[in-house]
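S.K.: missing the sequence, but the structure's below:
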């Protein structure tokens, strides 16, 4: 009988512990859900708790900035490559057009068009060399986004879940502490359980918080190294492109220096004459406006002089008889 009673008591204790565990899990989920609603709705949280995560929030801003700017950089590279191709195509078409028209003109102008057309075709071919470094830059940034940023993003998500659990446990402990009676054994035991839950969630949150801060620092340094390495190749290619094209254009300019047609001279002279004419009209208009303004001011002052004798300095100090004689 005693063994049977002991077995029943052990079974009852097991059932109570299981029930307590289920209730505890239910309460944990309740307070976690409540904290999630507070975060989603944007309600004000405890300022001390928010201030304790200021360094973490600063790191999260850096992470979101890196994530956003990498996406924008990929879009810009795509547009840049597309526009380089279009510009090179248009430049090549213009060069071919000048060469074909210049071959039909046997004068010096035809030679200038042919030389300029060849230079534009050469420039269009050299411009396409920029697509190589840009393509490599695009691949490197895309790989960086899919691997480094995605890995950090997963850690950030785990940290946010842990932070929600931790803050939910703090809300739970705050609620229990408001109704705490030190003389009641059950309430003290409940408070200790909640306190243990807070410690457990804080330990998990602190670990993930440290992981996020370290990964964000490493992410920023890795992106700087990546861009400085890949953009060096692009910069070198761009400098070579401008050196070659500028040397070609300068050679054409020197070979045809001083060659100017009479039509161009006439156009230049007429253009200068038109500019002088416009300048003369503008000056005359300004002088007329200044004259009209001075006349208006004179009339305005004369009107006030007629209304108020003291405004006329010549009338000061005269007698009434002298003023009448002057007016007559």
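M.R.: Nice, I can see it. The structure presented is a predicted model; accordingly, all values stated were derived computationally and were not measured.
S.K.: roughly how far does residue 57 sit from residue 215?
M.R.: Using C-beta to C-beta, to the nearest Å, we find residue 57 at a distance of 15 Å from residue 215. For every residue, glycine as well, the C-beta is placed using N, CA and C.
S.K.: cool, and residue 198?
M.R.: Residue 198 is 26 Å from residue 215, by C-beta to C-beta.
S.K.: residue 100 now?
M.R.: In this view, residue 100 and residue 215 are 60 Å apart by C-beta to C-beta.
S.K.: neighbour count: the two, which is higher?
M.R.: Ranked by neighbour count (other C-beta atoms under 10 Å), residue 100 and residue 215 place residue 215 first, with 22 against 12.
S.K.: give me the pLDDT value at that one.
M.R.: Residue 215 is assigned a predicted lDDT (pLDDT) of 94.
S.K.: skipping adjacent residues, who's closest to it in space?
M.R.: Nearest-residue entry for residue 215: residue 152, 4.7 Å, with adjacent residues in sequence omitted and distances by C-beta to C-beta, 6 or more residues apart in numbering.
S.K.: name the element that neighbour belongs to?
M.R.: Following DSSP states H and E, one finds residue 152 within helix 150-178.
S.K.: which neighbouring elements make contact with the helix or strand following that helix?
M.R.: Toward the C-terminal end, the helix or strand that comes next after helix 150-178 (DSSP H and E) is helix 185-255. If contacts are counted by 3 or more C-beta pairs under 8 Å, 6 or more residues apart in numbering; DSSP states H and E, helix 185-255 sits against helix 2-41, helix 54-104, helix 108-127, helix 131-144, helix 150-178.
S.K.: and the longest one with helix 108-127, angle?
M.R.: When you say that, I think you mean helix 54-104. 150 degrees (axes from the mean of the first three to the mean of the last three C-alpha atoms, to 10 degrees).
S.K.: just the last one next, same as before
M.R.: Compare the direction of helix 150-178 with that of helix 108-127 by the same axes, to 10 degrees and you get 50 degrees.
S.K.: packing partners of helix 150-178?
M.R.: Using 3+ C-beta pairs under 8 Å, 6+ apart: helix 150-178 touches helix 2-41, helix 54-104, helix 185-255.
S.K.: tell me the buried residues in it?
M.R.: By neighbour count with 16 or more other C-beta atoms under 10 Å, helix 150-178 contains the buried residues 152, 155-156, 159, 162-173, 176.
S.K.: how about the helices and strands packed on helix 150-178, which one is nearest residue 140?
M.R.: Of all the helices and strands packed on helix 150-178, it is helix 185-255 that lies closest to residue 140, at 5.3 Å by C-beta to C-beta.
S.K.: this completes my enquiry, with thanks.
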